[in-house]
Every structure is written in C-alpha cells, then in structure tokens.
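Q: Structure, please.
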Amino acid sequence: MMFKRKQINRKIKKRPNMYRMKRSLMDWIKLYGTGFAVIVLVVVLYRFFAYSNFFKIERVMVNGHLTHTTPQEILALTGLSVDNSLFSVDLPQVIHNVKREPWINFVSVRRIFPDKIVLDVVEYVPSAILALKDGSGSRSYFLVNEDGKIFKSIKNVNEYKLPVVTGFEKEKLEKFPNFFASKLNSVFQFLKDFNMKEGLEDVKVSEINYNDTDGLTLVCNTSKNPQNKIQIYFGVGDYAPKFSSLELFLKQTEQEGVVYRRVDLHVDGKIFARL
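A: Residues are numbered from 1 along each chain as shown. As a prediction, this is how the structure comes out:
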C-alpha cells in the first residue's frame, strides 16, 4: 500500500517594503560611515607623518662621480629643505628638477628612514662636439655622448678637447629628422669603433666630416707628430678593414719617418697617400 506524504503549504511571510527599505538605508549608512572613518584616519595619519618632527629631513646626500656639476648645485636644484618631511617629498618632481641641468643623464631619489634623502646622479660623458650649420652659414655647437645623444649647447669649442663632427645642417635635420638622425648615429658609431680599435690608440681625431655622397673624412694627428695634421678619407662602406689598413700604413710610415698629409682609403684594399 502506498502512502502519499501530505504536503504542507507553508506560507512565506513577506516582509513589507518599508522594512527592506529601512534595511537598505541602514546598510548605506554603515557603508558611508565606514568610508568617512577611513578618510579621517588617512588624513590624521598623513598629517602625523607629514608634520611630525620625527620624520623631518636632517640630511640630503648626493652620490655619483661629478666632474661638471657639484653636490651643492644638485642640492639647490632639488628644492628640498630640512623643514620638509620625508613623506611630503614629491620624488618624481625632485627628479624632474635635477634633470633640468643639461649635464645630468640619470638621477634616482630614495628615502632612508627616518630622516635622510639620497640622490644617485650620473652625468653625461661627452665624446664629441656636433657643429650644426644654419642657413646663414654660422655654426651652433653641441656636446654629444658616445651614443649620439645631444645634451648640451656650448659656445667655446676650444674648452673641450674633443673631435668636432661637421657636415650636418640644422635645416636638413629638422626637415628629415629620422634620415639624418640615423646618419648622425652612424658617425658616432664610427668614432666609437675607431677609438676602440687596437693599434690606433696613438691617432687623435680632431674633426670628422660627413658628406652625403663622399662619406667620412677624418682630420687627425699622432702623439708623436702632434703638429702634423693628417686628412684621412674613409669614404663609405665597411670601415673595419680600412681600420686595419690604416694601422699597417701608419706603422710603416713611422718606420720610414715619412708624414703624409692625405691618406685615401675609399677603395677597398688600396691606399693612396700624398705628402
């Protein structure tokens, strides 16, 4: 015999809408109350850390090998004061302030608790001077590092014992920036490779001239004959074998005691020299 379970109809007692609205209102009150308490706590903590004498800056240190700037100049650029708190210092703004100095390549700023700010500074190392000719024929001079980064305008070229890169025009650089920037970078890569070539350490480059069609021409001298300027025409193409040819040529002429005024290396495997 089968027995059916008697179903009991349970009535769900619905709470009135007003109760649900009250509950929702209470939840919002709690939420806003908690948020307000958090904001107040944050403000109180900020004022404590920002104005507490315990976190006042007592010392600002500048680390780095500085040859063109001084720690005092860097400190003046930071805008920091001993009255500042560690927590009130805007680190990105300090970095921006210091990098207004053209000699500064890299700077980082860090807090050392409880009362110290440390700046790590790296200066640019100039490797050449770029001479840009304008439409009137006058030249502007800029310091450039070994990566081809132009970082500072200068007036007195003789103040720096660096090779001068000529042959570039300001208007062309502005009109065709990508094309001539790549050419300019290739010149500085050439100079970097030339300076690193073993056997050519005695050769001191005073000028590198770039020409759109003729390539590169160097004006240089040797430490043994500093008064005798030698013009070396490299032309275009692969410069590595020309470096080796020049090295052998200079060794031979040194043994012979002959100084040539112009050396032409633009033809691969051949050297043309003129007294």
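
Q: C-alpha only now, for contacts and for neighbours.
A: OK.

Q: does the nearest residue to Val219 once chain neighbours are set aside sit in a helix, a strand or a coil?
A: Leaving out its chain neighbours, the residue that sits closest to Val219 by CA to CA, 6 or more residues apart in numbering is Gln231, at 4.6 Å. Here Gln231 takes the strand state, with states given by DSSP: H, G, I helix; E, B strand; the rest coil.

Q: Quick check: bridge partners of Gln231?
A: Val219, Arg262 (DSSP bridges).

Q: list the contacts for it?
A: With contacts defined as CA atoms under 8 Å, 6 or more residues apart in numbering, the neighbours of Gln231 are 217-220, 261-263.

Q: Identify the residues contacting stretch 252-263?
A: Stretch 252-263 has contacts (CA under 8 Å, 6+ apart) with 228-233, 271-275.

Q: Show me which pair in these is furthest apart.
A: Farthest apart among the contacts of stretch 252-263 by CA to CA are Asn228 and Ile271. That separation is 19.3 Å.

Q: Now do the residue nearest the centre of the chain, the pLDDT please.
A: In the chain, the centroid-proximal residue (CA atoms, centre = their mean) is Asn105; its distance is 4.7 Å. Asn105 is assigned 96 on the pLDDT scale.

Q: Offset the numbering so it begins at 883, please.
A: Sure, I'll start numbering at 883, so the last one becomes Asn987.

Q: partners of the helix or strand hosting it in the sheet?
A: If you go by DSSP states H and E, Asn987 is part of strand 986-994. Strand 986-994 sits in its sheet next to strand 998-1005 (antiparallel), going by DSSP bridges.

Q: Now do the buried residues in the strand it pairs with.
A: 998-999, 1001, 1003-1005 (16 or more other CA atoms under 10 Å).

Q: hmm, back to that, any chance you could list what contacts the strand holding Asn987?
A: For strand 986-994, the surrounding residues in contact (CA under 8 Å, 6+ apart) are 968, 973, 976-977, 980-981, 999-1006.
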